[in-house]
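Asks: below are the sequence and a predicted model for it; my questions follow.
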Number of protein chains: 2
Amino acid sequence: MSNGNPKVLNKPTENQAEKLSKSQRQFLRSLHQKKYRYQSGRFLIEGLKPVTEAVLASFPIESVYIVPDLYEKLNEKERQLLDLLKGKIHFVTIRDIQQISTLSTPEGIIAIGVIDQPVLAGNRLSFPGIYLWEINDPGNLGAIMRTARWFSVKNIILSPNSVDIYSPKAVRSSMGSMFFLSGFQNVSFEELCSSAKQNNVMVFATDMLGTSLQSPPTVPWVLVMGSESHGLPRHILTSAARTLGVPRYGSGESLNLSVSVGILLYQLIHSGKV
Amino acid sequence: MSNGNPKVLNKPTENQAEKLSKSQRQFLRSLHQKKYRYQSGRFLIEGLKPVTEAVLASFPIESVYIVPDLYEKLNEKERQLLDLLKGKIHFVTIRDIQQISTLSTPEGIIAIGVIDQPVLAGNRLSFPGIYLWEINDPGNLGAIMRTARWFSVKNIILSPNSVDIYSPKAVRSSMGSMFFLSGFQNVSFEELCSSAKQNNVMVFATDMLGTSLQSPPTVPWVLVMGSESHGLPRHILTSAARTLGVPRYGSGESLNLSVSVGILLYQLIHSGKV
């Protein structure tokens, strides 16, 4: 284990790599599964960008496992960020990283983050936000979080039966954006609506027949999206104040979910602005 | 092998599944690799949606391998489409599909498509189109093709050192949209520009500092995008007539590539329209 001594941090070598014990490897691998993530309150953050963004956002990190070769190649900013975690950095071999990674060709860095899930109470939801109804693709969720951060939409709200926000692929595809957002999980549509009503928030549903916005709404809003394959159920479509969509000029049954969210956020935030 | 007899097609059973020979399996697996795709002029189309879209688009298909269970569950439209290929349909076991699939949980259908790549001559490129510079993510390419079809942008042009348009993941994530588009590969930026000039086409580059369009251009155009990690090189940025971008209201270094393309196509095609 690194002792936080700057000399050690600056010149790690393969020899200084510690060997993970079998139980350490088993614990880290167990975090690939949702059940064990919530049992331990921990999740994996894999990749240099996601890990450094977590540090930048002051997100609670318990440990970082990195191969000396990658550490040697960090640029100054990346190294400064990682060095804020001194004492929590462990140099390990690429063989150990391969054993705990969720990737076939791992980058060489994996951190353990602490699950810091806002507990939902209706009036604690904030807006504007995106409500995702039963979506199951973690890559889409990650790309949506990245887009939300870009457009400064801070609240990502997930329905029951949606993908876990702490799944390794969602974390990785968000490229660290999730650490700059508030995530709410297991929020029923009824809870969402009651909170929206209390806060005078406009509920926008989306489907194939929805029309595009000409100018951003003047009140806070929440954008409600379903999965690519099933869309939104009728009771959600009929409860919404308005239905938005991306006009189709060609053919095809649907857009990729994160592409739709991008175009709709652009409408909600930018349309009509110079 | 199915003989195209409707009775056989309507009631396939596991017993009727043929066993693929070792050399058939080897050939199908070899198509996971670019080298063998171009050597044989064949590529894999995996998944029900991509295969049925290929049939709908009259794309040349050599064979379809499907498990009887999946065939039994097809809806009427899917079955009608597949039955257009009678004589080319082979019922196989799920074990065989697993051996040739590129997925960990295959859907149960894989077709062999015939590579039908337009040979580039400068004046054969057509517009409007999207030019992708050294992009390497097949999932992004697939999502971009889906968006292009939605917005009726028919031409996808790839630079040298870009991902292969026939890679199994690009084909699959396009959800069959690629069969409704024209793909051009290995097109240098110089060739693109010379063709654009001859056809009076406006070249739009994209980067972080680009501004958004207020109304669609009145001349044909090509949208030039780089990879998420490297963007576009200076010589491309300076050659373009104008640089477009997605305004950032929050933070983050970049958007997912297919999300950026979606927002930019929306600007190019819809902005300002009611």
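Replies: That came through, no problem.

Asks: residues of chain A that sit close to chain B?
Replies: A:139, A:143, A:146-153, A:173, A:175, A:177, A:180, A:212, A:214, A:246-256, A:258-263, A:266, A:269-270, A:273-274 (C-beta under 8 Å from any C-beta of the partner chain). For every residue, glycine as well, the C-beta is placed using N, CA and C.

Asks: buried members of those into PyMOL, please.
Replies: Buried members of these, defined by 16 or more other C-beta atoms under 10 Å in any protein chain shown, are picked up in PyMOL with:
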select buried, chain A and resi 139+143+146+147+148+149+150+151+153+173+175+177+180+212+246+250+252+253+254+255+256+258+259+260+261+262+263+266+269+270
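
Asks: grab the most central residue of chain A for me.
Replies: With distances taken as C-alpha atoms, centre = their mean, residue A:178 lies nearest the centre of chain A, 3.8 Å away.

Asks: tell me how far that residue lies from chain B.
Replies: Residue A:178 sits 11 Å away from chain B, taking C-beta to the nearest C-beta, to the nearest Å as the criterion.

Asks: and that residue, what does it touch?
Replies: A:142, A:145, A:156, A:165, A:170-171 (C-beta atoms under 8 Å, 6 or more residues apart in numbering or on different chains).

Asks: max pairwise distance over those residues: which two?
Replies: The distance between the two most remote of the contacts of residue A:178 (C-beta to C-beta) is 12.7 Å, for A:156 and A:171.

Asks: which of these two has more neighbours?
Replies: Counting neighbours by other C-beta atoms under 10 Å in any protein chain shown for residue A:156 and for residue A:171 shows that residue A:171 has the greater number, 30 against 23.

Asks: the strand ranked longest in chain A pairs with which strands, and in what direction?
Replies: What stands out as the longest strand in chain A, according to DSSP state E, is strand A:202-211. Here strand A:202-211 has these sheet partners by DSSP bridges: strand A:221-225 (parallel), strand A:242-244 (parallel).

Asks: next SSE after the last one?
Replies: Next along the chain after strand A:242-244, taking DSSP states H and E as the criterion, comes helix A:257-269.

Asks: what angle sits between that following helix and strand A:221-225?
Replies: In terms of direction (axes from the mean of the first three to the mean of the last three C-alpha atoms, to 10 degrees), helix A:257-269 departs from strand A:221-225 by 160 degrees.

Asks: from the chain's centroid, how far away is helix A:257-269?
Replies: Relative to its parent chain, helix A:257-269 has a centroid offset of 17 Å by C-alpha atoms, centre = their mean, to the nearest Å.

Asks: same check on stretch A:199-214?
Replies: Between the centre of stretch A:199-214 and the centre of its chain there are 23 Å (C-alpha atoms, centre = their mean).

Asks: thinking again about what came up before, so which of the contacts of residue A:178 belong to helices?
Replies: In helices, defined here by DSSP state H, the members of these are A:142, A:145, A:170-171.

Asks: residues making contact with the host helix or strand of residue A:64?
Replies: Using DSSP H and E, the element containing residue A:64 is strand A:61-66. Applying C-beta under 8 Å, 6+ apart, the external contacts of strand A:61-66 come out as A:20, A:28, A:42, A:45, A:51, A:54-55, A:82, A:85, A:88-92, A:96-97, A:100, A:108-114.

Asks: in strands, which of the residues you listed appear?
Replies: If you go by DSSP E, these have A:42, A:45, A:89-91, A:109-114 in strands.

Asks: figure out the helix or strand that the closest residue to residue A:32 other than its chain neighbours lives in.
Replies: Distances taken as C-beta to C-beta, 6 or more residues apart in numbering or on different chains place residue A:102 nearest to residue A:32, at 5.8 Å, with adjacent residues excluded. Assignment of secondary structure by DSSP H and E places residue A:102 within no helix or strand.

Asks: what about residue A:102, neighbour count?
Replies: Residues contacting residue A:102 under the criterion other C-beta under 10 Å number 16.

Asks: how about the helices in the stretch 1-150 of chain A?
Replies: Residue ranges of the helices in the stretch 1-150 of chain A, as given by DSSP state H, counting those that start in this stretch, are A:6-10, A:22-30, A:34-40, A:48-56, A:68-72, A:76-83, A:94-100, A:138-150.

Asks: can you say which of those is packed in most?
Replies: helix A:138-150 (a mean of 27; mean count of other C-beta atoms under 10 Å in any protein chain shown).

Asks: what angle separates that helix from strand A:221-225?
Replies: Counting by the same axes, to 10 degrees, helix A:138-150 lies at 160 degrees to strand A:221-225.

Asks: still on that earlier bit, what about the residue nearest to the centre of chain A, which SS state?
Replies: Look at residue A:178: counting by DSSP: H, G, I helix; E, B strand; the rest coil, its state is helix.

Asks: right, and residue A:250 touches residue B:152 too?
Replies: Yes: between residue A:250 and residue B:152 there is a contact under C-beta atoms under 8 Å: 3.2 Å.
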